[in-house]
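J.: Sequence first, then the predicted structure:
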Amino acid sequence: MIIRRLDPRAIREVRTQLATLLLDAVADGHSLGFLAGLDDEQLDAYWAGVEAEVARGARVLLAAERNGILVGAVQLALCLEPNGSNRAGLEKMLVHCTQRRRGVGAALLAAAEIEALALRRGLLLLDTEAGSGAEQLVIKAGYTRAGELPDYSCSPNGHWRPSAIYYKTLFARRRH
């Protein structure tokens, strides 16, 4: 498996595969901000927005590939505010259903942490559905649970679910 950082050109080249990953996750019931019935226009608009944020340096998109096929992706949303230059949010962890429990998610998390360190982002934040397999993944990766929000997000089929909030400190910052 290869994990690589996608620039805007690479995003355009693999847009269909990225759309497939997102459709797979939504069809599997994962709460990623989308409801069932996601169409091509919505998919294109979403990935065009990600591409634009990557181009302006507000987001990093990492993709996991096996034999030239995308099997997973994760995004690192970079805080651009002056008082938040030490943090980033991990968003939209996507692993194709045929590749789950095969180390793709763990590899993507590790790669995101390396990217964050290279960008001097020492605090990573994320939220995930409470009680989900994704929650177990982030616990195993050493993230600390900060709390839970009831009915925070809606599943693709319309069920409200709690979300668990996690963080991980990658390096200690000196206090001023």
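T.: Yes, it's here.

J.: Strands along the protein, start to end?
T.: Secondary structure of the chain by DSSP state E: the strands cover 2-6, 59-66, 69-78, 87-95, 123-129, 144-154, 160-169.

J.: The third one versus strand 59-66: what angle between them?
T.: To tie it back to what came earlier, the one meant is strand 69-78. Counting by axes from the mean of the first three to the mean of the last three Cα atoms, to 10 degrees, strand 69-78 lies at 160 degrees to strand 59-66.

J.: so strand 69-78 versus strand 87-95, what angle?
T.: Using the same axes, to 10 degrees: strand 69-78 against strand 87-95 is 160 degrees.

J.: Low-confidence stretches in this structure?
T.: 173-176 (pLDDT under 70).

J.: run the last query once more with 90
T.: Low-confidence segments of the chain (pLDDT under 90): 25, 27-38, 82, 97, 99-102, 129, 131-135, 151-161, 171-176.

J.: nearest spatial neighbour of A88, skipping sequence neighbours?
T.: R121 (4.2 Å; Cβ to Cβ, 6 or more residues apart in numbering). The C-beta positions use only the backbone N, C-alpha and C, and glycine is treated the same way.
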